[in-house]
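In: Build me a structure from this.
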Amino acid sequence: MFKDAEKVQLRDEVFCNYDSLERPVEDHKEVINVTIQLLLKSTDYDEHSAGLTLNYWTTLTWIDGILNWKPEEHDNIQTLIVHSDYLWKPDLSVYNRVEQSGSAAILDSDHCIVKYTGQISCVSPSNHEILCQPNLKYFPFDTQICTMVIGSWIHEGEEVNIHTPKVPVSLSDYSETGEWKLNTVNITYTSGKYDCCPNSTFPYVEYTFSIERQSGIHVCVAIVPAISMFVMSIISFFMDIKGQERNMITVANIIVHLLFIQFYAWSLPVSGPDPPLLMTYSRDSLIMATFMLILTTILRKLILCRMDSPKWIGTATGYAMNSRAVQLVFMFDGSLKDVAERLGDDDGRNIIENVQSASSSTNNDWLVLAKLLDRVALIAYFIVYFIMCIAFIP
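Out: Numbering: from 1, shown residues only. Got it, this is the predicted structure:
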């Protein structure tokens, strides 16, 4: 009881004539150095709203030149617990908040510890959502870089300066939440010297957060279906051009592409400097699947064509069938046996031996041309998909 009475008396004494609206310095030229430390609790990122939500405790420490006393004269009392509303507080604020209305101060109304030396320490819980434009180029293996900027709202650097301790951001009590993992936190101090105000500085501190998406679930719902669409496109090349199965697989592949693109068109935000490579891959793969349907229709018409082929086609197909590379490609294609025999090419005939001959009514030149175009398209597909996969690698 006696101790509390002494504290009340001490509080009344040190706060006599104290003005919480004025900087607590004896000389107006004196700078108040404020040390700020963040105790990060959790983070949550929403790419649709382009905002990173930070839950943290803010520790502010500074020297008040007015609030000091001698402990030996006050029953050896060395500290007082005072509500922040009765103190002058540094107006440090978050500059790049999503919601610009209301107070941007990081030090909310709370209790602070005042030491006899004038040192004041305040710890206040804070929650701020900062602007962070997403870059989804490498979705779902993307990493976002978000920056929180803290500085004095009204004071110049010659009045209130900012310092950070040896450990500016403590992660000792940090908890991972959601699909994002915090990789690093970097601190950058800027003196804030501008041409408009050569005699003043406006210092601020930038906290740069690097967060990485936990992509496990996206591998199942995005990467595996994308690979399956590629496999469907390639498998269709090994089906009979004249058969309906090839058309059915190709049409089904196009439908799968459309559903895949529409799903992620609704799931991903439309903002950002670069479109996701996954969407670019799906778009190009859809174009190739559509081309596959057009190519299949044309090749089927060629095979069923009964018109005499131009002379240059016969010459070109004859030259092609004499090529070792073409013979190797058509090694298991029995429909070209007649062509090899007609050209008198023993090697070509040996490659396709033991396979039933093609119908005599079929125009061999059109058949060979269709087969050649089909295999050229297959090789082109492999090359294009390989380039697309390489571009997707970060």
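
In: Tell me, how many residues neighbour Asp4?
Out: 8 (other CB atoms under 10 Å). From N, CA and C alone the C-beta is placed, and that goes for glycine too.

In: a strand runs through it, doesn't it?
Out: No - applying DSSP: H, G, I helix; E, B strand; the rest coil, one finds Asp4 to be helix, outside a strand.

In: Tell me which stretches of this structure form strands.
Out: Applying DSSP state E to the chain gives strands spanning 32-46, 51-63, 79-83, 92-94, 111-115, 119-131, 143-152, 160-163, 169-170, 180-190, 204-213.

In: mind checking how far the first one is from the chain centre?
Out: Per CA atoms, centre = their mean, to the nearest Å, the displacement of strand 32-46 from the mean C-alpha position of its chain is 23 Å.

In: Put the alpha carbons of that strand into PDB.
Out: This file holds the C-alpha atoms of strand 32-46, laid out as PDB (Å, rounded to 0.1, in the frame of the first residue of the first chain):
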ATOM      1  CA  ILE A  32      14.700  12.000 -30.300                       C
ATOM      2  CA  ASN A  33      16.100   8.700 -31.400                       C
ATOM      3  CA  VAL A  34      13.500   6.000 -31.500                       C
ATOM      4  CA  THR A  35      14.500   2.300 -31.600                       C
ATOM      5  CA  ILE A  36      11.900   0.000 -33.200                       C
ATOM      6  CA  GLN A  37      11.800  -3.800 -33.100                       C
ATOM      7  CA  LEU A  38       9.100  -6.000 -34.600                       C
ATOM      8  CA  LEU A  39       8.100  -9.400 -33.000                       C
ATOM      9  CA  LEU A  40       6.500 -11.000 -36.000                       C
ATOM     10  CA  LYS A  41       3.600 -13.400 -35.100                       C
ATOM     11  CA  SER A  42       2.000 -14.400 -38.400                       C
ATOM     12  CA  THR A  43       1.600 -13.400 -42.000                       C
ATOM     13  CA  ASP A  44      -1.100 -14.000 -44.600                       C
ATOM     14  CA  TYR A  45      -1.100 -13.100 -48.300                       C
ATOM     15  CA  ASP A  46      -4.100 -12.600 -50.500                       C
END
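
In: which secondary structure elements does it contact?
Out: Applying 3 or more CB pairs under 8 Å, 6 or more residues apart in numbering; DSSP states H and E, one finds that strand 32-46 contacts strand 51-63, strand 143-152, strand 160-163, strand 169-170, strand 180-190, strand 204-213.

In: any idea how far the nearest residue to Ile150 once chain neighbours are set aside is from Lys371?
Out: Nearest residue to Ile150, sequence neighbours excluded (CB to CB, 6 or more residues apart in numbering): Val205, at 5.1 Å. Val205 sits 68 Å away from Lys371, taking CB to CB, to the nearest Å as the criterion.

In: of these two, who's got more company?
Out: Neighbour count, other CB under 10 Å: between Val205 and Lys371, Lys371 has more, with 23 against 19.

In: who touches the residue nearest to His128 when sequence neighbours are not counted in this structure?
Out: In this structure, His128 finds its nearest non-sequential neighbour in Val94, 5.0 Å apart by CB to CB, 6+ apart. Taking CB atoms under 8 Å, 6 or more residues apart in numbering as the criterion, Val94 is in contact with Ala104, Ile106, His128, Ile130, Met148, Val149, Ile150.

In: Surely Glu245 touches Ile235?
Out: No - checked against CB atoms under 8 Å, the pair Glu245 and Ile235 is beyond contact range at 10.2 Å.

In: Show me the shaky parts of the stretch 251-394 of the chain.
Out: 271-272, 308-364, 394 (pLDDT under 70).

In: for it, what spans make up the helices?
Out: 277-303, 311-321, 324-329, 337-342, 346-351, 364-392 (DSSP state H, counting those that start in this stretch).

In: so what does the last one touch, helix or strand wise?
Out: What that stands for is helix 364-392. Helix 364-392 is packed against helix 224-235, helix 277-303, helix 311-321, helix 337-342, with contacts defined by 3+ CB pairs under 8 Å, 6+ apart.

In: go again using 10 Å as the cut-off
Out: Under the contact criterion of 3 or more CB pairs under 10 Å, 6 or more residues apart in numbering; DSSP states H and E, helix 364-392 touches helix 224-235, helix 277-303, helix 311-321, helix 324-329, helix 337-342.
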